[in-house]
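Novice: Please work out how this folds:
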Amino acid sequence: MSYKFADIKGTKIHYEERGEGSAVVFIHAGIVNLGMWDEQVEAFAEKYQVIRYDMRGWGETARPPDEFNDVADLHGLLLHLGVAQAALVGCSFGGKTAIDFALVHPEMVSALVLVGAAVGGFDWQAADFGEKDEAMEAAYDRGERELSAELETQIWFDGPKRAPQLVNQEARARIYEMVLNHHRLPEPVGSRRLELDPPAIERLEEIGAPALVIVGQEDVEDIRAIGGLLEARLPVVEMTVMRDTAHFPNVERPSTFNQLVLDFLEKAQCRSTIYGVLLHETEAKVWLVGDGLPQVTMAGELWDTEPPDVQRPLQHLLDGKIWPLYRATFHKDEATQTTESVYVLENIDFEIANGRWANYGELSTLAYVHKTLIENCWRERETGNVPAQRPPWARPGWVAEATSWIAMQVEERGNALVKPVELVRSWALSCVLRATTAEGIYYFKTVADLPLFVNEAAIVKTLSQLYPRHVPTPLVSDEGRDWMLLPELREMVGWGAPTKRRQAFLVDFGQLQVAAVAAVEPLLAAGCLDRRLAHLPGWIEALLTSEMVLAAVAVPERERLTVLIPQLQALCQELATYCLPETLMHGDLHGGNVAIQDEDFVYFDWTDACISHPFFDMLNIFLEEDTAVQSQLRNAYLGQWTAFAPMTQLLAAWSVAEILGAVHHAISYWQILANIEPGSHYLLDWALPFWLGRILKLSEGLASGA
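Specialist: Down below sits the predicted model:
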């Protein structure tokens, strides 16, 4: 260990420094010490300069008998180490310190990771831990340090809903020892921590650094409330709730935590410039800030950013409420790790304060690409000639209509919105809004009218009636507009779920598919697309003779794909000979589209729902790189189909389905790309090369008859 002491403002600050690269500072929670980050140091030091330290009054850093300032201490430590800028990872009170530091020294913060963070000025309620906290303080005052440490560990490590014996005992013991150590430290008379004034809770919108907010699902209510507050008010923020953890997710699930934060820090190293085009409602004018378009520069790789990620910083710049309609241009420079985007905006409150309206004659100083885009926007509005492929939510006026409908549906059911409807996701394929009501959170969703997309509102309504335990029941649906309002699903399986959890939902979904065999006709009548094997040969020829599709690969690959057409069509006939029933297919089945509710798996995002071969849905297995895990998942899933064929035949069918499944998904992406605005293609430009390459790889030997 490379523990050292730095003399900062009369106190020796205990710290450790490891690794090289950009600096990452870990700031501990207020009941432990730097030891809480043991599982992070080695993983992060492989790429970063890792710094962790004991704040005054914790661990090996003494608390002084007079005033002190946590922000000044951190500033002094960074100067001592020659660090000009760092990412700050703070847990609980350490998160509060990180937030305060970002407000006082914004130029020194490249990113924030706030783990179960506190925030200065928050009104603590202690609804689910107040009594135990009082008992802890009473035990402390009596000198019963072991008891007070145990009670504090129950509050923060176990959480209010978990019994001590049900958590990881080794991890719990580590935290308990650190808590006990802290409870045994003396508190000098006259020692006083100086707080930020005004407190951070009044200034969160000033923080420009990208932030990742992590909250343990089992943490106390106040911490979860602070997480929601940070998500709502920090300008550039991502939010993650980690299941099976309370106040120390980095200790309970270190590998998951490490990957989550490492991925975020990688992205935060990039810089993105966002411009906004805001047209006057009735006149040929555009909003300028200074002599240019409204502009914000954000940390983070925003090449795939959706409008919600830029809405808050633009609103903060303009001092008014705007709605991002669509991204009109996008450019990425790989060499400099920078991106530049222009968003077309809609004014939704008419009270924008920062800037001015400018007419055409004042635009001579603008970049040519910006001036041309403004001219195109004016022309679209004047002529009404908007590209037919542009979805409704990317057009002015739609958001007012949708939010009014949401408010009306909520009020008609005796409920009420408690804050304005929020934009969650908006891109070429779908739009999702969040409605926070007095009785809980609901999500509005609508999808693009594309050839291989269903009317999701109609399909989900039918599926929820047929399989109420496994498909969410909409609060209300407007099938004519393909609008629906769904209740919040709080616990997600997630992309990185453990193998055991993945196997469980794949087996469960297989059982759902078996049950749906008897409902094929009603599902087709409800709007599920008919993509059965009988139709696939025609689709194969259309796919592999399409100029758009073949342009996605090099010339030699085009020739190989064309030669494969008859062989792939023959595979359709071969797969049919195994006599496995065609049934419900989700179309995009992965852990990110699966939730857990009342111990049941719940499947959502049915945009690609169809009737087809069931095995085509098993991308979660086909794309698994670990062959042992892949075999385990495959055999567990195939076990649900043994009533229709023996395992040897199922395995043979599986091999054929893996090739044709790649074809099925290549067709899906082809039809998406062929029917959305060309300006949105960059979002999915990976898809055709990936799936065509997979078809070629899996089909090796077919053309030669091997």
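Novice: just for the stretch 251-400 of the chain, where's the confidence low?
Specialist: Residues of the stretch 251-400 of the chain meeting the criterion pLDDT under 70: 299-306, 350.
Novice: can you give me the strands in it?
Specialist: Under the criterion DSSP state E, counting those that start in this stretch, the stretch 251-400 of the chain contains strands at 271-278, 285-288, 295-299, 322-333, 338-347, 356-359.
Novice: Tell me the strands beside the longest one, with direction?
Specialist: Take DSSP bridges as the rule and strand 322-333 pairs in its sheet with strand 338-347 (antiparallel).
Novice: Give me the helices and strands touching the longest helix that the chain contains, please.
Specialist: In the chain, with assignment by DSSP state H, the single longest helix is helix 647-673. Here helix 647-673 touches helix 536-544, helix 547-550, helix 555-576, helix 619-622, helix 627-638, helix 687-698, going by 3 or more CB pairs under 8 Å, 6 or more residues apart in numbering; DSSP states H and E. For the C-beta atoms, the positions are set from N, CA and C on the backbone; glycine is no exception.
Novice: Out of these, which is closest to residue 121?
Specialist: Nearest of these to residue 121, taken as CB to CB: helix 619-622 at 44.5 Å.
Novice: Can I get that closest one as CSV, trimmed to CA atoms?
Specialist: Output of helix 619-622 as CSV, limited to C-alpha atoms (Å, rounded to 0.1, in the frame of the first residue of the first chain):
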residue,chain,number,x,y,z
LEU,A,619,-30.3,-13.3,-29.5
ASN,A,620,-29.4,-13.3,-25.8
ILE,A,621,-28.1,-16.8,-26.3
PHE,A,622,-26.9,-16.7,-29.9
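Novice: Which stretches in the stretch 401-550 of the chain count as helices?
Specialist: Assigned by DSSP state H, counting those that start in this stretch, the helices in the stretch 401-550 of the chain fall at 456-466, 499-516, 520-526, 536-544, 547-550.
Novice: re the thing from before, list the buried ones in the longest helix of the chain?
Specialist: Going by neighbour count (16 or more other CB atoms under 10 Å), the buried part of helix 647-673 is 649-650, 653-654, 656-673.
Novice: Direction-wise, compare it with helix 627-638 and give the angle.
Specialist: 100 degrees (axes from the mean of the first three to the mean of the last three CA atoms, to 10 degrees).
Novice: Touching, residue 168 and residue 252? I think so.
Specialist: Yes. In terms of CB atoms under 8 Å, residue 168 counts as a neighbour of residue 252; the distance is 6.0 Å.
Novice: More neighbours: those two, which one.
Specialist: Legend: neighbour count by other CB atoms under 10 Å for residue 168 and residue 252, higher for residue 252 (22 against 15).
Novice: Could you check how far the more buried one is from residue 242?
Specialist: Separation of residue 252 from residue 242 (CB to CB, to the nearest Å) stands at 8 Å.
Novice: Find the residues that touch each one of these two.
Specialist: Each of residue 216 lies in contact with both residue 252 and residue 242 under the rule CB atoms under 8 Å, 6 or more residues apart in numbering.
Novice: so what's residue 527 up against?
Specialist: The contact partners of residue 527, by CB under 8 Å, 6+ apart, come to 454, 455, 458, 459, 462.
Novice: Measure how buried the third one is and give me the count.
Specialist: By that I understand residue 458. 18.
Novice: got it, and residue 416?
Specialist: Residue 416: 11 surrounding residues under other CB under 10 Å.
Novice: ok, residue 178 - contacts?
Specialist: Neighbouring residues of residue 178 by CB under 8 Å, 6+ apart: 31, 32, 33, 35, 36.
Novice: and with 6 Å instead?
Specialist: By CB atoms under 6 Å, 6 or more residues apart in numbering, the contact list for residue 178 reads 32, 33, 35.
Novice: where's it, which helix or strand?
Specialist: Using DSSP states H and E, residue 178 falls within helix 169-183.
Novice: Let me see the contact set for residue 462.
Specialist: Here residue 462 is in contact with residue 526 (CB under 6 Å, 6+ apart).
Novice: pLDDT score for it?
Specialist: We have a pLDDT of 97 for residue 462.
Novice: again with residue 24
Specialist: 98.
Novice: Secondary structure element holding it?
Specialist: Assigned by DSSP H and E, residue 24 belongs to strand 23-27.
Novice: just residue 17 next, same as before
Specialist: In the assignment (DSSP H and E), residue 17 maps to strand 11-18.
Novice: So which elements touch that strand?
Specialist: Contacts defined by 3 or more CB pairs under 6 Å, 6 or more residues apart in numbering; DSSP states H and E place strand 11-18 against strand 3-8, strand 49-53.
Novice: I would like the residues contacting the shortest one, please.
Specialist: If I follow you right, that is strand 49-53. Strand 49-53 has contacts (CB under 6 Å, 6+ apart) with 13, 15-21, 23-26, 34, 37, 41, 44.
Novice: burial measure for residue 440, as a count.
Specialist: By the measure other CB under 10 Å, the count of residues near residue 440 is 11.
Novice: and the helix or strand containing residue 114, which residues are buried?
Specialist: If you go by DSSP H and E, residue 114 is part of strand 109-115. Within strand 109-115, the residues that qualify as buried are 109, 110, 111, 112, 113, 114, 115, counting by 16+ other CB under 10 Å.
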